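Colleague: Model the following, please.
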Amino acid sequence: MGAPVLYRIEHVSRYLYPSPVRQCVLSLCLQPRDDAGQRLLSFDVATDPPAPLNSETDVFGNTRQVLNIDREHEGLEVTSRSTVERVPAAAPLESLGAGAWQEIRAWTESFDYWDFTHPSHYARPSSALAAFVDEVGIRAGDDPLETVLRLSDTLYRSFRYVPGSTSAVSPIEHILQSRQGVCQDYAHVMIAVARSWDIPTRYVSGYLYVDGQAGEEPPQTATHAWVECCLPDLGWIGFDPTNRCLADQRHVRIAVGRDYQDVSPIRGVFKGAGEVRLAVDVRVRAGDR
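Modeller: Numbers count the residues shown, from 1 in each chain. Next up, the predicted model:
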């Protein structure tokens, strides 16, 4: 196991209004989790115009800040800064023992896994998904871990990563028909298939560190998405089908949920404006304390 890595993350969201807004109420899901191989060392949020923030914890254990600006303003900038220590995960087993599928199927009766074994808004069965599964020959094998690894590999090879080809609210039919999408689309398809095998599977939002050249500014990046499957003897294990890898120390987790709808970075309402435009700038730096 390698040494821990320290990440400093700046996430800036700029809302551009066509006319002044009278009020906005937003839920911010930007605070990295403090669990599962990572420690949150610091976190703060600043807004322009300034506004009070109230913290709350949702049903999935994610920390959110609620923002309410109850006065007219001409634009909004939300800046979050985080310092996270990421510990490399131990190498998982290559396969699971006999009886693993029986244990997984017994979990379907457990309330603890209900949200992650049943369809959700963006990860659900459909005729397009069934046709895709038949076409590419995705099947559950004898070992659940090998099965999920093979599923991740198949999705990586079946789709092309094309930024802008889908939107945050695109159903999985878009990537299944066009065979191109972004990380959240890969994640939603993988979740829908894995849940059809009764494997508890959840959506993870976060950041993926992209290494730049020495002495350069860190490259601009964006939030990332992958999945976690709960497996016997292993617990929750992260799989990144967009990059054909297990989630490792480059992956910083913000939140978990049933799908994107549960963990969108910022959502809410604006009163008094027309179409609001959003620009996002994310920087992830790796280094010492």
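Colleague: I'd like the next helix or strand past the one helix or strand Leu26 maps to.
Modeller: Leu26 is part of strand 23-28 when elements are defined by DSSP states H and E. Going down the chain from strand 23-28, the next helix or strand is strand 38-48, by DSSP H and E.
Colleague: ok now that following strand, how far from the chain's centre?
Modeller: 18 Å (CA atoms, centre = their mean, to the nearest Å).
Colleague: Which strands border whatever helix or strand comes next after it, and is each parallel or antiparallel?
Modeller: Under the assignment DSSP H and E, the closest C-terminal helix or strand after strand 38-48 is strand 53-57. Under the criterion DSSP bridges, strand 53-57 sits next to strand 63-69 (antiparallel) in its sheet.
Colleague: If you count neighbours, what's buried in the strand it pairs with?
Modeller: Of all the residues in strand 63-69, those buried under the rule 16 or more other CB atoms under 10 Å are 63-65, 67, 69. Where C-beta positions appear, they are placed from N, C-alpha and C, glycine not excepted.
Colleague: what does it contact?
Modeller: Strand 63-69 has contacts (CB atoms under 8 Å, 6 or more residues apart in numbering) with 21, 23-31, 33, 45, 47, 49, 51-58, 76, 78, 268.
Colleague: between the strand holding Leu26 and strand 63-69, how big is the angle?
Modeller: 170 degrees (axes from the mean of the first three to the mean of the last three CA atoms, to 10 degrees).
Colleague: between strand 23-28 and strand 38-48, how many degrees?
Modeller: Using the same axes, to 10 degrees: strand 23-28 against strand 38-48 is 170 degrees.
Colleague: For strand 23-28, buried residues please.
Modeller: Those would be 24, 26, 28, for strand 23-28 by 16+ other CB under 10 Å.
Colleague: and the second one, what does it touch?
Modeller: Pointing back at Leu26 there. 66-68, 78, 266-268.
Colleague: Can you tell me, leaving aside adjacent residues, what's nearest to it?
Modeller: Leaving aside its sequence neighbours, Leu26 sits nearest to Gly268 (CB to CB, 6 or more residues apart in numbering; 3.4 Å).
Colleague: Could I get the contacting residues of that neighbour?
Modeller: Here Gly268 is in contact with 24-27, 67 (CB under 8 Å, 6+ apart).
Colleague: where does it fall, helix, sheet strand or coil?
Modeller: strand (DSSP: H, G, I helix; E, B strand; the rest coil).
Colleague: from what I can see, Ser13 looks like it's in a strand, true?
Modeller: Yes. Ser13: assigned to a strand according to three-state DSSP.
Colleague: what's around it, how many residues?
Modeller: Other residues near Ser13 number 20, with proximity taken as other CB atoms under 10 Å.
Colleague: The residue lying closest to it once chain neighbours are set aside: neighbour count?
Modeller: Distance criterion CB to CB, 6+ apart; nearest residue to Ser13, sequence neighbours excluded, is Val78 at 4.5 Å. Using other CB under 10 Å, the number of residues around Val78 comes to 23.
Colleague: No further queries at this time; thank you.
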